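> Okay, here's the prediction I keep looking at, along with the sequence it came from:
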Amino acid sequence: MKAVLATKNKHKTGEVAALLSRFGLDVELLTLKDIDFNDEIIEDGETFEENALIKCRAVSQKYNGMIIADDSGICVDALGGEPGIYSARYAGDGNDDSNNKKLLEKLINVPREKRTARFVCAFAAIVDGNEYVVRGECEGIIAPQKRGSGDFGYDPLFEYVPSGKTFAEMTEDEKNSVSHRANALKAFAELMKTLEK
């Protein structure tokens with residue numbers, strides 16, 4: 001099976017392919033670079049699912065095969081679900097450090113038991129003209145300061161309570177066994193297997 005993942009990020013593409021393989025779906029993933037897709041995609045949906053579908057639909061204008069796209073972010077209960085779909089640009093500059101700093105500032109007087117949050121990932125696909133969307137989540141707590149060396153996005157602040165570690169303190173394998181992306185891709189792999197029958 002061959003598909004385009006709506007990203008130019010080779011690392012992300014490798015991670016998605018590895019997770020799909022772990023869940024029994026062998027797929028050769030191409031990036032947007034591989035198909036010379038350079039159009040700007042305006043993600044103006046109001047949910048993770050809508051934004052993932054927007055990416056798929058944009059790529060489907062130029063590519064006829066199977067297309068996969070995701071949208072993900074972190075939702076903090078004490079902030080009414082912020083930053084949500086604006087996670088990547090929460091502080092306005094798209095910088096991980098700025099985003100983390102803003103989140104910590106907003107939670108400065110919030111006690112641990114009220115710092116509950118979840119990472120959310122929606123995966124969308126267009127297969128033979130039909131649209132599909134799945135969602136994965138991972139529950140946790142926002143730590144009072146950054147911990148760990150895996151400094152990507154909100155990982156240093158997101159503590160997965162059963163392990164006592166932030167995502168940034170976990171090995172890649174540990175994170176991939178519980179993460180929102182892994183949960184979404186597991187559901188996606190199961191969906192694709194039912195379509196093959």
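That came through fine.
> average pLDDT for stretch 154-165?
In this model, stretch 154-165 has a mean pLDDT of 97.
> low-scoring stretches of this structure, by residue?
For the chain, the stretches with pLDDT under 70 are 151, 197.
> give me that answer again for 80
Within the chain, the stretches with pLDDT under 80 are 94, 150-151, 196-197.
> just the strands in it please.
Using DSSP state E, the strands of the chain run over 2-5, 28-30, 66-76, 116-127, 130-142, 158-160, 165-166.
> Would you reformat those as CSV and include distance to residue 20?
Every C-beta, even on glycine, is put in place using the N, C-alpha and C of the backbone. CSV is the format used below for the strands of the chain (distance: least, CB to CB, whole Å):
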stretch, distance to residue 20
strand 2-5, 9
strand 28-30, 8
strand 66-76, 9
strand 116-127, 10
strand 130-142, 12
strand 158-160, 22
strand 165-166, 25
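> can you list the ones you listed in a markdown table and add mean neighbour count and distance to residue 186?
Formatted as a markdown table, these follow (neighbours: other CB atoms under 10 Å; distance: least, CB to CB, whole Å):
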| stretch | mean neighbour count | distance to residue 186 |
| --- | --- | --- |
| strand 2-5 | 20 | 16 |
| strand 28-30 | 16 | 16 |
| strand 66-76 | 24 | 13 |
| strand 116-127 | 23 | 10 |
| strand 130-142 | 18 | 7 |
| strand 158-160 | 23 | 17 |
| strand 165-166 | 21 | 21 |
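> Of the ones you listed, which is nearest residue 46?
strand 66-76 (11.3 Å; CB to CB).
> and the closest one, what other elements does it pack with?
Secondary-structure packing of strand 66-76 (3 or more CB pairs under 8 Å, 6 or more residues apart in numbering; DSSP states H and E): strand 2-5, helix 48-60, strand 116-127, helix 180-196.
> now with 10 Å?
Strand 66-76 sits against strand 2-5, helix 10-22, strand 28-30, helix 48-60, helix 96-106, strand 116-127, strand 130-142, helix 180-196, with contacts defined as 3 or more CB pairs under 10 Å, 6 or more residues apart in numbering; DSSP states H and E.
> Summarise which helices and strands the shortest one is packed against.
By that I understand strand 28-30. Using 3+ CB pairs under 10 Å, 6+ apart: strand 28-30 touches strand 2-5, helix 10-22, strand 66-76.
> Pull the residues that contact that strand.
Contact with strand 28-30 is made by 1-5, 7, 10, 12-14, 16-18, 20, 37, 63, 65-68, as judged by CB atoms under 10 Å, 6 or more residues apart in numbering.
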